[in-house]
Every structure is written in C-alpha cells, then in structure tokens.
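Enquirer: Any chance you could fold what I've pasted below:
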Amino acid sequence: RDDIFENLKIPVSIGVAPTKTLAKMAVEIAKKTNGIYLFEDENLMDFLKRAKLEEIWGVGRHTLPKLREFGVYTAYDYVKQDDFWIKKLFTKRGLDLKYELLGQIKNPINPIPPTPKSLQSTRTFAEFTDNKQNVKLALMGHLTHLCKKMRRNNLKAQGLIVILKEKNFTYYSDKILLKSTFNSELEVQKEIFKLLDNLWQDNVIYRSCGVCVYNIQLMDTEQQTLFDEQSNKKYEKLSISMDKLEKKFGKDTIKIGHI
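Expert: Below is the predicted model of the structure:
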C-alpha cells in the first residue's frame with residue numbers, strides 16, 4: 001500500500017480474508033480505518049454480528065426486503081438460517097453466500113480467464129459516410145485490432161461478422177463460418193469485404209461499422225484439418241512478424257492496404 005502511494009500517489013484500501021465475500025467486506029472496513037484490514041478467523045462471529053445485510057457483497061435491493069420480512073438483519077442472522085430455507089428462497093447462489101460468510105470458499109479465484117465466446121470491435125465514424133472505401137478501411141482497422149488481441153492471448157476464431165449501422169440507427173449484419181480457424185487479418189480480408197458487399201447499399205449514410213469474431217478457441221486445443229493450407233500459415237507468420245515490428249518501433253508502424 002505504501003509502495004503504491006509512494007510511486008503512483010494513489011491511496012488504496014486492502015482487505016484480506018479467506019473468501020471473496022469476506023474480503024469485499026474487509027475492504028469496506030479498511031476504507032474507514034487505516035486502509036488495511038486483516039480478517040482474523042477467531043473474530044468471525046463478532047464480525048458477522050456487526051455486519052448489516054446491506055454491507056454484504058451479493059445481497060441486492062430485491063433480496064434485502066425479503067430477508068427483513070423473516071427477521072434477518074445481519075450477516076450473523078443470515079448464516080444461522082437453515083440451508084434448505086436459504087436454497088429454496090435464494091437458490092444455490094444464496095447458499096454459497098452463506099458458506100462464503102462462514103469462511104468456506106465457494107467462488108474460487110481463477111487466475112486464468114475463461115476463453116471468450118466472441119470478441120467485437122465497433123466505432124462510430126468521426127463523420128457519417130456513404131463512401132465504401134472509408135468503410136472498408138474502418139473494417140480492416142477493427143479486424144486488425146481483434147486479430148492482434150487473439151494472437152496476444154493465443155486464440156483463434158472460426159466465425160466472422162460484419163456490422164453496419166445507418167445514420168438513423170438501422171442495424172445490419174452478415175456472418176460467415178469458415179472451414180478453418182484464423183487469427184491473422186490477412187487470412188480473412190477477402191471474407192470481410194464479401195460480407196460488406198452483401199450488406200452495402202448505395203446512397204445510404206452510415207454512422208458506424210464493426211467486426212465480431214466468434215467460435216473462439218485456444219490455439220493449443222484447435223482441431224487441425226487434414227489438409228492445412230500453406231497460405232494460411234504464411235499469413236500467420238507474416239502477422240506475427242508485423243506484431244514484432246510494432247512492438248519494437250511503435251503502434252501503426254505497418255498498416256495493411258487493399259485495392
């Protein structure tokens with residue numbers, strides 16, 4: 001805490017406890033005391049008796065009045081309730097909350113984030129446009145951003161969606177599921193433009209566009225095809241080389257063009 005303040009001049013509060021729920025509550029206490037609160041197991045019941053329902057992380061505004069109807073006003077009152085009663089009223093999540101308050105981990109911390117099902121990049125144009133070339137450039141920017149993110153996280157996708165939104169907020173999209181996975185913008189540049197051609201309407205003003213990739217999987221678990229296209233491997237290597245150049249010389253050192 002001292003190091004953070006000394007180097008960044010940002011005050012922080014730290015709560016240490018055996019479970020996420022108790023740690024959240026400990027942080028709130030830390031904010032009101034000296035900035036650090038270390039939870040002691042032997043003081044658990046005294047701590048729960050002092051903790052009001054509204055101070056419990058996970059008790060929402062709909063749950064609060066229902067508990068008060070049954071005379072439950074503190075965290076201690078809550079953990080004293082029968083398991084069957086809690087689960088019937090508040091499902092398994094409510095039961096997990098009880099045991100988190102008692103110091104038993106029900107929501108473990110996973111240092112490895114789950115693989116996302118999809119990734120999306122969209123942005124409103126600085127000036128609304130009916131110029132197809134401008135939209136193409138914007139789509140390539142979105143695609144490049146997503147592919148870089150996938151390469152950084154050892155991911156590949158199989159599906160591709162192009163999104164267009166008119167000036168009046170009318171929304172259009174088209175998608176394709178490819179035979180093989182990709183994480184290089186060079187591999188699917190043509191597919192992006194085909195989807196755009198399917199959606200494009202002349203004399204229409206567009207306010208934004210975007211790209212979404214889906215059916216994402218880790219590269220280590222991807223299913224290999226029997227006949228892997230060598231051109232895709234070349235594109236992948238080229239994209240990795242471009243990433244290295246950007247890392248060395250800065251963002252947008254290399255940009256992808258199109259005809």
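
Enquirer: now residue 100, nearest residue through space, not along the chain?
Expert: With sequence-adjacent residues excluded and distances taken as C-beta to C-beta, 6 or more residues apart in numbering, residue 100 is closest to residue 21, at 3.8 Å. (Glycine included, C-beta is placed from N, CA and C.)

Enquirer: pretty sure the one you found is touching residue 55, no?
Expert: No. Using C-beta atoms under 8 Å, residue 21 is not in contact with residue 55, being 10.7 Å away.

Enquirer: ok, these two, which is more surrounded?
Expert: Shown here are residue 21 and residue 55; by other C-beta atoms under 10 Å, residue 21 has more neighbours (25 against 14).

Enquirer: where along this structure do the strands fall?
Expert: 14-16, 36-38, 118-129, 155-166, 171-182, 206-214, 217-218 (DSSP state E).

Enquirer: and residue 96, which of those is closest to it?
Expert: Among those, strand 14-16 comes nearest to residue 96, with 19.3 Å by C-beta to C-beta.

Enquirer: Which elements pack onto the closest one?
Expert: helix 20-32, strand 36-38 (3 or more C-beta pairs under 8 Å, 6 or more residues apart in numbering; DSSP states H and E).

Enquirer: can you give me how far that strand is from the chain middle?
Expert: Mean C-alpha position of strand 14-16 versus that of the full chain (C-alpha atoms, centre = their mean, to the nearest Å) differs by 24 Å.

Enquirer: circling back to that earlier point, compare the helices and strands packed on strand 14-16 and give me the one nearest residue 213.
Expert: Of these, nearest to residue 213 by C-beta to C-beta is helix 20-32, at 31.2 Å.

Enquirer: in the closest one, what counts as buried?
Expert: Burial within helix 20-32, assessed by neighbour count using 16 or more other C-beta atoms under 10 Å, is assigned to 20-27, 29-30.

Enquirer: okay, the helices and strands packed on strand 14-16 in CSV with distance to residue 13 and mean pLDDT next?
Expert: Shown next, in CSV, are the helices and strands packed on strand 14-16 (distance: least, C-beta to C-beta, whole Å; pLDDT from 0 to 100):
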stretch, distance to residue 13, mean pLDDT
helix 20-32, 4, 90
strand 36-38, 7, 89
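
Enquirer: Now those in JSON lines, please, with extra columns for distance to residue 111.
Expert: Below are those laid out as JSON lines (distance: least, C-beta to C-beta, whole Å):
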{"stretch": "helix 20-32", "distance to residue 111": "14"}
{"stretch": "strand 36-38", "distance to residue 111": "22"}
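
Enquirer: For residue 241, which of those is the nearest?
Expert: Shortest distance between residue 241 and those, using C-beta to C-beta, is found for helix 20-32: 42.0 Å.

Enquirer: separation between residue 72 and residue 53?
Expert: Separation of residue 72 from residue 53 (C-beta to C-beta, to the nearest Å) stands at 7 Å.

Enquirer: and the two? which has more neighbours close in?
Expert: With neighbours defined as other C-beta under 10 Å, residue 72 and residue 53 compare such that residue 72 has more, 20 against 17.

Enquirer: Any idea which helix or strand in the chain has the lowest mean pLDDT?
Expert: In the chain, no helix or strand scores lower on mean pLDDT, DSSP states H and E than helix 230-249, which sits at a mean of 65.

Enquirer: Beta-bridge partners for residue 210, please?
Expert: residue 122, residue 163 (DSSP bridges).

Enquirer: For it, report the pLDDT, please.
Expert: Per-residue confidence (pLDDT) for residue 210: 97.

Enquirer: ok, now which ones touch it?
Expert: The contact partners of residue 210, taken as C-beta atoms under 8 Å, 6 or more residues apart in numbering, are 120-123, 142, 162-163.
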